[in-house]
Every structure is written in structure tokens, then in C-alpha cells.
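1. Starting from these lines, generate the structure:
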Amino acid sequence: MQRELTYHVPFERLVKLSRSAGYKMNPHIRWLRWLLIAVVISIFVFLYAYGDEIRDVAEDEGIPFATELAAIGVFLVFAVALRLLRRYQQLLMKNRFNFDQIVRLNQDDGGVRLSTDGVDYYLKWPGVTQMLLERDGVVLSHANLFFLVPNTAFASPEERLSFIREIYGHLSEKARAISEKHILPALGPARGPAPGPAGAS
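-> Predicted coordinates:
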């Protein structure tokens, strides 16, 4: 059965969907985060309420600024715990999906197609919102989606440069404006974008 649907989802709904879907995928992460915040707030309230007593006892033991040091320590533990929770969430995501699949890139007159065995993305030229260069590859973005084409994918530096010039030459004026500070240094001072109007095929 063939089906064609046309629909529109507002940006605000996509933002809410991203949060709610993340919570539903790993609900215990949300509760762990709230538990961590509650514990930290409780400790700060305790330090505020009994700060003078803690300071007096600590100074008798030769420890100055004990309350302040305790507050700083609690904050540092909180920051480290949040980072560990984020890594744990990323580990759960890796267990759901194989991120080591082979990616196939095909460029044609209309855009760039990136495919794996499980997903197929087609970035039309107007949909490439920015182009960046990382030390290990070229990044194409569409809104908050980022696609890395590693330097090892190219047979030579010349092929990589040709790819950069071709993509940059197809960017819209807005995308080119926010990409040029990252891209132009790689093209060299005497080399501009590929000829042709932005978005041309």
C-alpha cells in the first residue's frame, strides 16, 4: 500500500517532543537528576541554617572558611554527578543502536544523501544550514542535526578540498554567511567558492 502524507509540526512542539521522548526512553534518568538536585538543595539549606555553628567548630579545629569550602565542594560534586549522568544516558543510547555502521555518501545535483543500513538522510542544498570544519572532518548541518564526513573518507587532501568547494558553492546566502569564517581559511586567500549562484545545481 502506498501512502503520501503532508503535515506541519511547529518548532515549539518539536522542542517539547525532544524532551518528552527523552524522558520516556530513560525515565529513571529524569528521577535521578531530580533526586540529585533535591539532595544538593537540602545540603545548601543545611549549610545556610547551621553555617555559623559549622564555622565555629571548624575554626576550633584549625580549619578556616569551612562553610564556604563545603559549599564549593558540594557544587563541584553536583557538577561531576551531572556529567556522569549525561555519560550514563549516552551509554544507554549506544546500547539501543549501533553507531558503528558504515555510512555511504552520494552527492548529486540536488544535494547529499547519507545512508546506513538503518537510516537514509537526503540533504537538499537549501536544507544545508551551515558547513563547519573539524580537525578530523567536514560537518554539514541541518538545524540541530550534524553530519560528519571524516577526512579518512577522502582519497586525498585535494579531493577533500574539492568536496568543500562544491558544497560551499551550493549553500544559500544565509548558510554561506555563517559558514564562511570556518570555510574560507581552508580554501585559501585567493580561492573563493565554486562558481554558480547559491543553491544552483
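
2. for the spatially most distant residue from the centre of the chain, what are its contacts?
-> Distance from the C-alpha centroid of the chain, by C-alpha atoms, centre = their mean, peaks at Asp60 (49.2 Å). Applying C-beta atoms under 8 Å, 6 or more residues apart in numbering to Asp60 gives no contacts. Heads up, the C-betas are built off the backbone N, CA and C, glycines and all.

3. and it, what pLDDT?
-> Per-residue pLDDT puts Asp60 at 80.

4. buried sites along stretch 86-93?
-> Buried residues in stretch 86-93, counted by 16 or more other C-beta atoms under 10 Å: Gln89.

5. What's the mean pLDDT across it?
-> pLDDT averaged over stretch 86-93 gives 76.

6. how close does the residue farthest from the centre of the chain sit to Leu69?
-> 16 Å (C-beta to C-beta, to the nearest Å).

7. cool, Ile183 as well?
-> Per C-beta to C-beta, Ile183 is found 48 Å from Leu69.

8. Which one's more surrounded, the two?
-> Ile183 (20 against 12; other C-beta atoms under 10 Å).

9. ok, the more buried one - contacts?
-> The contact partners of Ile183, by C-beta under 8 Å, 6+ apart, come to 131, 133, 164, 168.

10. what about the helix ranked longest in the chain, distance to the chain center?
-> Determined from DSSP state H, the single longest helix within the chain is helix 66-96. Chain-centre distance of helix 66-96: 19 Å, with C-alpha atoms, centre = their mean, to the nearest Å.

11. which strands and helices sit next to that helix?
-> Using 3 or more C-beta pairs under 8 Å, 6 or more residues apart in numbering; DSSP states H and E, the elements in contact with helix 66-96 are helix 11-25, helix 27-49, helix 51-60.

12. looking at those helices, which is closest to Val149?
-> Closest to Val149 of the helices and strands packed on helix 66-96 is helix 11-25 (C-beta to C-beta; 24.8 Å).
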